[in-house]
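# Sharing a sequence plus its predicted fold:
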Amino acid sequence: MSANDFNTPITPELVKEHGLNEEEYKLVLEIMGREPNINELGIFSVMWSEHCSYKSSKKWLKTLPTKADWVIQGPGENAGVIDIGDGQAAVFKMESHNHPSFIEPYQGAATGVGGIMRDVFTMGARPVANLNALRFGEPDHPKTRHLLSGVVEGIGGYGNCMGVPTIGGETNFHASYNGNILVNAMTVGLADANNIFYSAAAGIGNPVVYVGSKTGRDGIHGATMASAEFDDDSEEKRPTVQVGDPFTEKLLLEACLELMATDMIVAIQDMGAAGLTSSSFEMASKGGVGVELWLDKVPMREEGMTPYELMLSESQERMLMVLKPGCEDAAKAIFDKWELDFAVIGILTDTKRMVLKWHGEVAGDLPIDPLAEASPEYDRPWEPTPKQDRIDPSSISGKVSHVDALKTLIASPDLASRRWIWEQYDHLVMGNTIVRPGGDAGVVRVQGTNKGIAATTDCTPRYVMADPVEGGKQAVAEAYRNLVATGAKPLAITDNMNFGNPERPRIMGQFVGACQGIAEACIALDFPVVSGNVSLYNETNGVGIMPTPAIGGVGVITDLGHHATIGIKRDDSALIMIGAATGELGQSLYLKTIEGREEGAPPPVDLNAEKRAGMLVRELIELGLVRTCHDIADGGLLVAVAEMCLAGNIGADLHLPEAGSEVAWLFGEDQGRYVIATRDPDKVLNAASSANVAAVIIGQAGGDAVTIDGGAKVSLAELRDLNEGWMPSFMAEAAQ
Amino acid sequence: MKSAVILFPGINRENDAIAALEQATGTKPTVVWHGETELPKTDIIMVPGGFSYGDYLRCGAMAAKSPIMRAVAERAKAGVTILGVCNGFQILTEAGLLPGALMRNASLKFICKNTRLKIENTNTRFTNQYKTGEVVDYPVAHHDGNFFADRETLDRLEGEGRVVLRYCDANGVVDPATNLNGSQRNIAGIINEAGNVLGMMPHPENAIDPLHGGTDGRNLFKSLVEAAS
């Protein structure tokens, strides 16, 4: 679009191109009291895009629990903030960069990582850990290797250069993501609890300051693109994908933290989606003030840029700040040292209006609150997902031996080792990584203390697809469980809601159900939502993704001397399963991979039992009774034990139940369960009994094979080859 | 015992370096900004890892031209102990303080993992606390660690005992299968002719705490202290 002239006539076509429907445009006319000019139209377009306004999701997001004693800042700021004791706070959020990553995987993923780190250091926190949640199409799809390879390189390229360790994540493959991959990036930062920075502008007459990279033409209309479905021409949208510069962001991080150590900042907001528009409107709206912006003062990368382009550019590595008056020179000296642009580009006013000036001439004049606060909110029609029947274990053919099933599962795209991915991420920089990727949750030490922060990302989309409420619960419960398995106390979550087109009642029903399930789990587990992001319209040619509410969980380990990892450490330990099993095979990987059936009710989540089991396991780890723990998730008990054996390079012999289906026992995906290894099984069983938690000895560690009931076995060497082999050989085919 | 850490824009393992030096020397090192032209009086200079200037040009090429590097070169000439790790190694080769170059890993991918290293020469001020032929375990984290030099230089390095560390397996076997990144002759670290400058790709500073999963890196820093005192 060319918009060199802000007297461009506003035609219905132009309105439509800006993604505004007739109703919305009527509201624009009402708010403006006149026809908007092109700059103003562009601003309405991005502010009211689904991506920025949450117009389809707001109604339901409001129902999520967001409070606990330790919550310092819930949703609504750049990131959530929780108290982790000793005057310290953890600041974290997860955010999607799905649409851009499909179009340009390296830059899409890289700028997703850059964006989420900026959200966290905007709050005054130094990023200390990155995680991600990735979904790709089926492995055989012609684009999958290219997308996977580009996304992983992009995440590594940005995070490694920034010097923030990438300590965890998850990766799934499914045909429903063939046309819409998901790239969700999460950052956890550390701050002083009494030095958190917020975005509400204040102080009439205070200078509005722009810092960081210069503004170019990249990413214009990125937010609008991210609010629409794809079609066959989506690759033409490549110019709307931003380009990342991690070196500049590293400088921006250091400069911002240096400035934050002084007393000069009133408010700060990063320029993410919808760039200068979104940041300036949000800061003004939260602070109840007006802003006059002098757009010709914005540092520009290219000649001939227009006010329209400056307001809508999504160039990366930029921040907007309000400084205390008279601090400009001292602040500028810091940015000069880091060789970053620093420009006073406006002033706070008492008009509650956004006035855009271009060489002294008014290029736009809009009321702030009606745009930011009174954006459309839809109560979209929705229909619940029909429930599926529980899978009766007797319907399983059982043609495959348990050992062969294990071998198939552990080498399947769902369960094969992700080492190929995480070895491309620097997961050790900063020198505080205590639990590396490949376990249940990553753990980083809080610099200079014996305290650890554990973090994980989780979601099982096939469960959510089959039953959004149970699936929503499960995603939260699994995050909780993964934190507990390291010995951490789970404190709060961030949610990244990835769904299809909300204008379809069935999809909207998935969203509503998942919100309900998440809310129930958060309340039961005392595990509130403190930040999040919604990505809708993940559809191509009318086919949507599996509903994927990715949950990022954060917890604290008070004494790293007592934490657990998944690897079996001694061959004289007993293996105990904590939590009860009834043999839930619905939506299990066994059913899908071995029987070729993607069906049935997913395993139900008993939130009370989940909490009791979690508290018991954490206590056992804190007491030093347990140093080896793994949650039972995808693939069930046998896969969990095999993973513990591989990680510790010690085998195990697993008992079979005296009655009931062996397949359901070994491969059922019942929730709320852990396997622990201990040399003091009686103490553990007694503790479980007094905590009213089911616990049973399921086998014994030892040897160099996974053995079933003293009989059939598979050597660890063979299992390792199967588990580690799939992804490298799959990706090597890409090069041929 | 005084130490200094040089900080270029884009360096990101400076705190890891500071922690290791502080643990070994008992004193926090001085951090020297790249724009400075003078170094404080110091026994040890460390050039840490990261992505100086984003490594957008050849790795280390921009940092090698920073004002402070003239002072570093002078100290090198004067015999001060200088340790360059990862990007620091790349910077020292670009600055001409060490021979050879670090090219893209043979896999063309960033590699972050623990690796075994054989200590080939313990008669240096960086390795005097190790046993000859000892196999140690440090992590690597780099995209461009593939050491290259012409045959003549390599032969000279070998002949003068200047190959200090090589990639190997747990049994100390040095062969193509244990060559992590395609380096000529599995070379992971070399010293200069005078023996006071070491460049290495692996990160001893990330192996100094039992919680790191190992403490094999401690002896490298202990060696520096031993040699300087």
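Great, that's in hand.
# can you give me the helices for chain B?
Applying DSSP state H to chain B gives helices spanning B:14-25, B:68-77, B:87-94, B:151-159, B:218-228.
# So for stretch A:332-350, what gets flagged as buried?
Neighbour counts over stretch A:332-350 (16 or more other CB atoms under 10 Å in any protein chain shown) mark A:332, A:334-335, A:338, A:340-343, A:345-349 as buried. In this view, the C-beta of every residue, glycine as well, is placed from N, C-alpha and C.
# Give me the subset of the residues you listed that also touch chain B.
With CB under 8 Å from any CB of the partner chain as the criterion, the buried residues of stretch A:332-350 include A:Trp338 near chain B.
# quick one on the thing from earlier: most packed of the helices of chain B?
helix B:87-94 (a mean of 28; mean count of other CB atoms under 10 Å in any protein chain shown).
# Not including adjacent chain positions, what is the nearest residue to the residue of the stretch 151-300 of chain A found nearest chain B?
Across the stretch 151-300 of chain A, the shortest distance to chain B (CB to the nearest CB) belongs to A:Gly163, at 2.3 Å. Closest residue to A:Gly163 apart from its sequence neighbours, by CB to CB, 6 or more residues apart in numbering or on different chains: B:Asn12 at 2.3 Å.
# what about that neighbour, neighbour count?
For B:Asn12, the neighbour count with other CB atoms under 10 Å in any protein chain shown is 23.
# sorry, back to before: can you tell me which of the buried residues of stretch A:332-350 lies closest to chain B?
A:Trp338 (7.0 Å).
# For that closest one, give me its contacts.
A:Leu251, A:Leu252, A:Glu254, A:Ala255, A:Glu258, B:Pro9 (CB atoms under 8 Å, 6 or more residues apart in numbering or on different chains).
# repeat that for 10 Å
A:211-212, A:248, A:250-256, A:258-259, B:9 (CB atoms under 10 Å, 6 or more residues apart in numbering or on different chains).
# now for the buried residues of stretch A:332-350, which pair is the farthest apart?
With CB to CB as the measure, no two of those lie farther apart than A:Trp338 and A:Thr349, at 30.0 Å.
# can you list the residues of the stretch 101-250 of chain A near chain B?
Residues of the stretch 101-250 of chain A lying close to chain B (CB under 10 Å from any CB of the partner chain) are A:149, A:152-153, A:156-157, A:160-166, A:245-250.
# related to what we said a few turns ago, quick one: buried ones out of the contacts of A:Trp338?
A:Val211, A:Gly212, A:Thr248, A:Lys250, A:Leu251, A:Leu252, A:Leu253, A:Glu254, A:Ala255, A:Cys256, A:Leu259, B:Pro9.
# Which strand or helix spans the fourth one?
Yep, that's A:Lys250 we're talking about. A:Lys250 belongs to helix A:246-260 when assigned by DSSP states H and E.
# helices and strands around that helix, which ones?
helix A:105-121, strand A:126-136, helix A:144-162, strand A:182-192, strand A:207-212, strand A:265-270, strand A:318-323, helix A:328-337 (3 or more CB pairs under 10 Å, 6 or more residues apart in numbering or on different chains; DSSP states H and E).
# and the angle from it to strand A:126-136?
Note on geometry: by axes from the mean of the first three to the mean of the last three CA atoms, to 10 degrees, helix A:246-260 and strand A:126-136 are set 140 degrees apart in direction.
# Does chain A have contacts with stretch B:133-144?
Yes: Stretch B:133-144 comes into contact with chain A (CB under 10 Å from any CB), by way of B:Pro139, B:Val140, B:Ala141, B:His142, B:His143.
# picking up where we left off before, the residue of the stretch 151-300 of chain A closest to chain B reaches B:Asp16, doesn't it?
Yes: assessed by CB atoms under 10 Å, A:Gly163 is found in contact with B:Asp16 at 9.3 Å.
# any shared contact partners between these two?
Joint contacts of A:Gly163 and B:Asp16 (CB under 10 Å, 6+ apart) are A:Val429, A:Met430, B:Gly49, B:Gly50.
# what's whatever residue of the stretch 401-550 of chain A ends up closest to chain B sitting at in phi/psi?
Closest residue of the stretch 401-550 of chain A to chain B, CB to the nearest CB: A:Gly431 (3.8 Å). Per-residue torsions, A:Gly431: phi 70, psi 20 (degrees, to the nearest 10).
# and the nearest residue to it once chain neighbours are set aside, what does it touch?
Take A:Gly431 and drop its neighbours on the chain: the residue closest to it by CB to CB, 6+ apart is B:Asp16, 3.8 Å away. Taking CB under 10 Å, 6+ apart, we find B:Asp16 in contact with A:163, A:428-432, B:48-50, B:85, B:203-206, B:208, B:217.
# Tell me the pLDDT of A:Ser176.
A:Ser176 is assigned a predicted lDDT (pLDDT) of 97.
# Ok, A:Ser227 next?
For A:Ser227, the model assigns a pLDDT of 65.
# now do the one 3 residues further on
If you check A:Phe230, the pLDDT there is 71.
# Look up which residues are beta-bridged to it.
A:Thr540 (DSSP bridges).
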